[in-house]
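Enquirer: Please find the sequence and the predicted model below.
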Amino acid sequence: MAAEADCQWMRRALHLAARSRGRTWPNPGVGCVIVDAQGVLLGQGRHRRCGAEHAEIAALADCRARGGDPRGATAYVTLAPCTSSGRTGPCSTALITAGLGRVVAAIPDPVQRPPGDDFAAAGIVYECGLLAAEATELHAGFLSRVSQGRPRLTAKWAMSIDGFLATSSGDSGWISCPEALAFSRRHRRHFDAIVISGGTARADDPRLLASVGARHGPWRVVVSASARLPAQARLLAGGDGPPVVVIHDHRARPAALAGLDQAGVRLHPLADAHDPAQVVKALAAIGFNEVLVEGGGHLHHALLAADLYDRIECYIGPLTMAGGRPVATGPGVATVADATRWLPDRTPRRLGATLHCVYRRAR
C-alpha cells in the first residue's frame, strides 16, 4: 500500500490538474508537485494551455523561483512524463537534468514511450500507478481520444419531472431554476466543446457561453447537415467569443457555407452529418477531449441509440408538462431488457428547486 504522504502529494497534483480542465486540449491538463526528502513542498505546476510549458517544467520553474533545489527530490505527476519533443522538450529529460531522485506517476501516457528506462539509467527511482483510478477519471477524455479515436461525451439536458425538454410548441424557458442555470453555465468551463444540433440553434438561438460575455471557454459546435444558421444568430454575433464550428455535409448549399465562412465560422464537412459515429470522429479529429452535448432531442436520440454517450448530466425541474418534446426523439428500444444501464456517478444535489443528477455508463 502506498504511503499516505505519497497519496497526499498525488492528490495535490490531481487538484492542480483539475484546474486545467477545458483549457489544454488536445493535450491533457497534467499536474505536478515536487517535494524534498523531508516532505517539504519545493514547487508545483500544471499545464495551463496547449503550447505552454508542461506541468513538470512549470513545477521545476516554481521550485527555482522559491529558491529550492530539486536534486534528490520526488516529483508526483498525474500522467507519466513525456519522452518525445513536441512544442516543448521531453519532460523526462528535464527531470533527469534537474537531478530528481524519484518520480511517481499516476498513470502511463498511451502515446509516449515509457520513461522508466531513461530514469533507471540516470539512477532515478520511477514508480507508476499511484491513485491510478482517480487520474484515469480525470484524464478520461484524453485517454479516450488517443486510444479509441473519440472524446468522452457527456449528455446534458434539463427536463420536467415527467421527462420533457419542452412543451409541444417548443417552449422550454425555463425548466430549471436560476441557481441551476448559473451552475450549468459555470460547469461548461470543464469541457473543450459544447455541441448542439442545427434545429436547436435555430429554435433556441443560444450563445453557449460559460459565463455572460465570456471571450474564452469551450468551442461551440453546431451539427447541421444543411449548415443553416440565421445571419442574426447570437452564435455569430460579436465575433469575440469562443470559436464556432459547423459540422455539415453535401446537403449544405454553397451560399450558406459562404455566409458562415464570412462570419468567421470554422466549417467541418462530413460524408453524412446525420451519422453519429462520423460526428464523434470529427470531434476527435479537431482535438477535443471532453465534449458536452446539449441537444436537442434528435441529436440526443442519435447518440443514445448509437451508445456513444459516456456520461449524462440531468437537471430535473420541479414541474410537469403532461406531454411535449421528449429528451430523445426517436423509436427507442423494443423492451426494457434492451435498455442501456447507467450508474449514479455522485449523490444528486439540489440547485435551488432543481435536482442535478449525474450518471456514468455501466461498463
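Expert: It's in.

Enquirer: which residues of the stretch 151-300 of the chain fall in strands?
Expert: Along the stretch 151-300 of the chain, the stretches classed as strands by DSSP state E, counting those that start in this stretch are 152-159, 164-166, 193-197, 219-223, 244-248, 266-269, 290-295.

Enquirer: Ramachandran angles for residue 31?
Expert: Here the main-chain torsion angles of residue 31 (degrees, to the nearest 10) amount to phi -120, psi 150.

Enquirer: Beta-bridge partners for it, please?
Expert: residue 46 (DSSP bridges).

Enquirer: Thought residue 56 was touching it, still the case?
Expert: No. Contact criterion CB atoms under 8 Å: residue 31 and residue 56 do not qualify, at 9.8 Å. To be clear about C-beta, it is placed using only N, CA and C from the backbone, and glycine gets the same treatment.

Enquirer: follow-up on the earlier one: residue 82 is nearest to which of the strands of the stretch 151-300 of the chain?
Expert: Across the strands of the stretch 151-300 of the chain, residue 82 has its closest neighbour in strand 290-295 (20.3 Å, CB to CB).

Enquirer: Poorly predicted segments of the chain, please.
Expert: Low-confidence segments of the chain, defined by pLDDT under 70: 1-2, 86-87, 212-215, 238-239, 363.

Enquirer: ok, back up a step: take the strands of the stretch 151-300 of the chain and lay them out in TSV including distance to residue 126 and mean neighbour count.
Expert: As requested, those are exported to TSV (distance: least, CB to CB, whole Å; neighbours: other CB atoms under 10 Å):
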stretch	distance to residue 126	mean neighbour count
strand 152-159	28	23
strand 164-166	50	22
strand 193-197	35	25
strand 219-223	36	26
strand 244-248	40	24
strand 266-269	41	16
strand 290-295	29	26
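
Enquirer: Output these in a markdown table; the columns should cover distance to residue 258.
Expert: As requested, the strands of the stretch 151-300 of the chain are exported to a markdown table (distance: least, CB to CB, whole Å):
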| stretch | distance to residue 258 |
| --- | --- |
| strand 152-159 | 31 |
| strand 164-166 | 32 |
| strand 193-197 | 22 |
| strand 219-223 | 16 |
| strand 244-248 | 12 |
| strand 266-269 | 10 |
| strand 290-295 | 27 |
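
Enquirer: Kindly state which of the ones you listed is positioned closest to residue 16.
Expert: It's strand 290-295; of the strands of the stretch 151-300 of the chain, that one is closest to residue 16 (CB to CB) at 17.2 Å.

Enquirer: Each with direction, which strands does that closest one pair with?
Expert: The strands that strand 290-295 pairs with in its sheet are strand 152-159 (parallel), strand 193-197 (parallel) (by DSSP bridges).

Enquirer: In TSV, list those along with distance to residue 71.
Expert: Listed next are these as TSV, based on distance: least, CB to CB, whole Å:
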stretch	distance to residue 71
strand 152-159	39
strand 193-197	42
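
Enquirer: closest one to residue 179 among these?
Expert: Closest to residue 179 of the strands paired with strand 290-295, according to CB to CB: strand 152-159, at 12.4 Å.

Enquirer: Tell me which residues are up against the closest one.
Expert: By CB atoms under 8 Å, 6 or more residues apart in numbering, the residues outside strand 152-159 that reach it are 140-141, 144-145, 165, 172, 174-176, 180, 184, 191, 280, 289-295, 300, 303-304, 308-317, 327, 354.

Enquirer: Identify whichever of the strands of the stretch 151-300 of the chain lies nearest to residue 9.
Expert: Among these, strand 290-295 comes nearest to residue 9, with 25.3 Å by CB to CB.

Enquirer: Between the strands of the stretch 151-300 of the chain, which one is closest to residue 99.
Expert: Nearest to residue 99 among these is strand 290-295; the distance by CB to CB comes to 35.6 Å.

Enquirer: Between strand 219-223 and the closest one, find me the angle.
Expert: On the basis of axes from the mean of the first three to the mean of the last three CA atoms, to 10 degrees, strand 290-295 is oriented at 50 degrees to strand 219-223.

Enquirer: one step back: compare the strands paired with strand 290-295 and give me the one nearest residue 60.
Expert: Put simply, out of those the one that sits nearest residue 60 is strand 152-159, at 30.1 Å, with distance taken as CB to CB.

Enquirer: just how off-centre is stretch 146-159 within its chain?
Expert: Remark: stretch 146-159 is offset 8 Å from the chain centroid, using CA atoms, centre = their mean, to the nearest Å.
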